[in-house]
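Asker: sequence unknown, structure follows:
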């Protein structure tokens, strides 16, 4: 096992490296959306709106106080990074895996890039999973803390709902003879009520989010296999026989080991795996952080089962499989980190700076897509330089998912607005822009996210001159 000094050194190196990467990263649309929602809405409006996002409320409540006291959006990135760094510390100091495995996990694309650099609610998943793994064998002494942690995890993202429910069911079954005792009954009620709240809060939200309604599909073997490959693509950045073999080996080894050593954890892993695949098939698309939770839950289950394994050879084999699973993504991690350093992830920050320096605060600015221009709004002061979207028939800073599904290729009512305002500004994002009009601002070609390129035009009603 690693000595304490070595653990501290590894954690410091990890913290410095990921913090530097975080500072190089420009906020993009999905990250900006959460910050703008809590910055620009009151608590009741937030609760009403977030349901249409299809997400629980925990991440928004964490950001709420910082946004309300006008902290810069950088504070969201620091919060995200801090949470993941604490999770890395838990892994180093509390997990039963060997040194090679721990370093391998922290060297993966999950822990070098996706969780610490991209500021979204997913940052909470590794921390709460590792905390639960640590508390699992201590749950009898810390029932409230254990169940509260499960409840918090259920409130992070819908993909963790199956896992949280499975753990609560296990807690109830293991304490079935003590259900009348307050120290068991009350925390169990808290846990199930929290999970039920998430279920009722999000029920039907897919029907209110016009941007995700196309994800539903019919179930057949071809679609399941495509989904499996898509998970691997989001973890490793490519689909190849090697990555298919590594991911499949991890899942198979986890299932076999848990079947022999801890059928309770096998139940938890199976429920999460099946539930998350159903989410991928019928509800939400697959992105890297969601795909990685499949492996992280497997790591959680192995963490628990490792505590009771005495055979050194079996431990060594599993350690090698775990390390291989995470290390196989190191090339993808390096690619993403280097790209984010050398390129501009999103040009929202630069576009916002141009607007502040060159466009009057009371100017009329119209956009073609609220989804993509939120990364510009997040760098503009609250209540200044709001954009007008004609399908909302209103000004906005964040996307309103249940109002209309934005289509950036739809024509804008330019002539109508010119007659009304005389001089207007138009901000176009992605590959949708005017080729016959010279922009006053145009993103360079070094923007990583194509949808996060911006073109700003100044148009005047010539009849008024």
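Answerer: Nice, I can see it. What you are looking at is a predicted structure, and each value in this text was computed from that prediction instead of being measured. Numbers count the residues shown, from 1 in each chain.

Asker: low-scoring pLDDT stretches of the stretch 201-350 of the chain, where are they?
Answerer: Scanning the stretch 201-350 of the chain for pLDDT under 70 picks out 204-218.

Asker: Can you list the residue ranges for helices in it?
Answerer: 205-208, 221-236, 241-261, 263-282, 288-306, 312-327, 330-342, 348-358 (DSSP state H, counting those that start in this stretch).

Asker: With the stretch 1-150 of the chain instead?
Answerer: Using DSSP H, counting those that start in this stretch, helices in the stretch 1-150 of the chain cover 4-24, 29-40, 43-53, 58-68, 74-94, 99-106, 109, 115-117, 124-136, 143-154.

Asker: what's the most buried one of those?
Answerer: helix 115-117 (a mean of 28; mean count of other C-beta atoms under 10 Å). For glycine as for every other residue, the C-beta is placed from the backbone atoms N, C-alpha and C.

Asker: which helices and strands does that one pack with?
Answerer: With contacts taken as 3 or more C-beta pairs under 8 Å, 6 or more residues apart in numbering; DSSP states H and E, helix 115-117 sits against helix 4-24, helix 74-94.

Asker: Relative to residue 367, which of those helices is closest?
Answerer: helix 74-94 (22.5 Å; C-beta to C-beta).

Asker: how many degrees apart are that closest one and helix 124-136 in direction?
Answerer: 30 degrees (axes from the mean of the first three to the mean of the last three C-alpha atoms, to 10 degrees).

Asker: tell me the angle of helix 74-94 relative to helix 4-24?
Answerer: In terms of direction (the same axes, to 10 degrees), helix 74-94 departs from helix 4-24 by 160 degrees.

Asker: Looking at the helices of the stretch 201-350 of the chain, which is nearest to residue 434?
Answerer: Nearest to residue 434, of these and by C-beta to C-beta, is helix 348-358 at 16.0 Å.

Asker: contacting residues around whichever helix or strand comes after that closest one?
Answerer: Downstream of helix 348-358, the next assigned helix or strand under DSSP states H and E is strand 364-367. For strand 364-367, contacts defined as C-beta atoms under 8 Å, 6 or more residues apart in numbering pick out 355, 359, 373, 385-390, 412, 414, 417, 421, 423-429.

Asker: Also stretch 306-319?
Answerer: Stretch 306-319 is contacted from outside by 96, 97, 98, 100, 101, 137, 253, 257, 261, 262, 302, using C-beta under 8 Å, 6+ apart.

Asker: quick one: which of the residues you listed is most hemmed in?
Answerer: residue 302 (29 neighbours; other C-beta atoms under 10 Å).

Asker: correct me, but residue 459 touches residue 421?
Answerer: No - counting by C-beta atoms under 8 Å, residue 459 does not reach residue 421; the two are 9.6 Å apart.

Asker: measure residue 118 to residue 449 for me?
Answerer: 11 Å (C-beta to C-beta, to the nearest Å).

Asker: Those two: which has the busier surroundings?
Answerer: Neighbour totals were compared for residue 118 and residue 449, and residue 118 leads with 23 against 19 (other C-beta under 10 Å).
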